[in-house]
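**Student:** Just the structure for this:
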Amino acid sequence: MTVLVTDEERMPITAAGYERRSRQLERLRTAERRRLSGLLREARGEGALDDNPMLVDLLDEQAQLEQRIGVLEAQLAAVEIVSPPSDGRADVGGVVRVRDTASGEVLQFELVGPIEGDPAGGRVSIAAPIGRALIGQRRGSRVDVATPRGNVLLEVLDVATALPRAADMGSRADGGARSASQPWR
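**Tutor:** Numbers count the residues shown, from 1 in each chain. Here you go, the predicted model:
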């Protein structure tokens, strides 16, 4: 599949996010296709499509797999790997530590491209309200963020370059670098 994308249409992505997506695509193209192929071969031996619900289900699963592969291929064709910020401003690939001025709670976010957001994992997309509000901010800035739960005033405590997560590093004898969710420790 060839996808033509102009520079204006390119989506930013971190190097780690690109690696994660590439590994996922490779796994789907190889191991998952091979697994489904074997199951389909077995199911086809058990009768025609009309009287073989297992074959119908496997064909649906195969269509979903091919759709997911197509989506990943299109996403990877439309991204631009960006370097983490080094000028003290929050941007894709940076980690921002903030304080909710109302509750005093300190939160930390790694800012990532639109296709790699994972709020539960501490990765906030720049397309999300908090990500949009933090882009370009420096230590000491205050931003008012409109969230689904209402407005939140955040004070930027620090901005750092994201460090590779152990899960992004593959297997290393030393277990990889410190977690990007804790770069200040």
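
**Student:** report the longest helix in the chain, please.
**Tutor:** Criterion DSSP state H: the longest helix present in the chain is helix 53-77.

**Student:** Which positions within that one qualify as buried?
**Tutor:** By 16 or more other C-beta atoms under 10 Å, the buried positions in helix 53-77 come out as Leu55, Leu58, Leu59, Gln62, Leu65, Ile69, Leu72, Glu73, Gln75, Leu76. (Each C-beta comes from the backbone N, C-alpha and C, glycine too.)

**Student:** In terms of secondary structure, what does it contact?
**Tutor:** helix 15-27, helix 33-44 (3 or more C-beta pairs under 8 Å, 6 or more residues apart in numbering; DSSP states H and E).

**Student:** Looking at the buried residues of helix 53-77, which gets the smallest pLDDT?
**Tutor:** Taking the buried residues of helix 53-77 together, the minimum pLDDT is found at Leu55 (90).

**Student:** got a list of what the residue lying closest to it once chain neighbours are set aside touches?
**Tutor:** Leaving out its chain neighbours, the residue that sits closest to Leu55 by C-beta to C-beta, 6 or more residues apart in numbering is Ala43, at 4.1 Å. Counting by C-beta atoms under 8 Å, 6 or more residues apart in numbering, Ala43 makes contact with Asn52, Met54, Leu55, Leu58.

**Student:** Quick check, the second one in contact with Arg44.
**Tutor:** No: here Met54 does not reach Arg44: they are 10.0 Å apart, not a contact under C-beta atoms under 8 Å.

**Student:** residue closest to the middle of this structure?
**Tutor:** The centroid of the chain falls nearest to Glu116 when counting by C-alpha atoms, centre = their mean (1.9 Å).

**Student:** how near is that residue to Tyr18?
**Tutor:** 9 Å (C-beta to C-beta, to the nearest Å).

**Student:** Repeat that for Val143.
**Tutor:** Separation of Val143 from Tyr18 (C-beta to C-beta): 28 Å.

**Student:** do the same with Ile126
**Tutor:** Distance, Ile126 to Tyr18, using C-beta to C-beta: 15 Å.

**Student:** just Leu39 next, same as before
**Tutor:** Leu39 is 31 Å from Tyr18, where distance means C-beta to C-beta.
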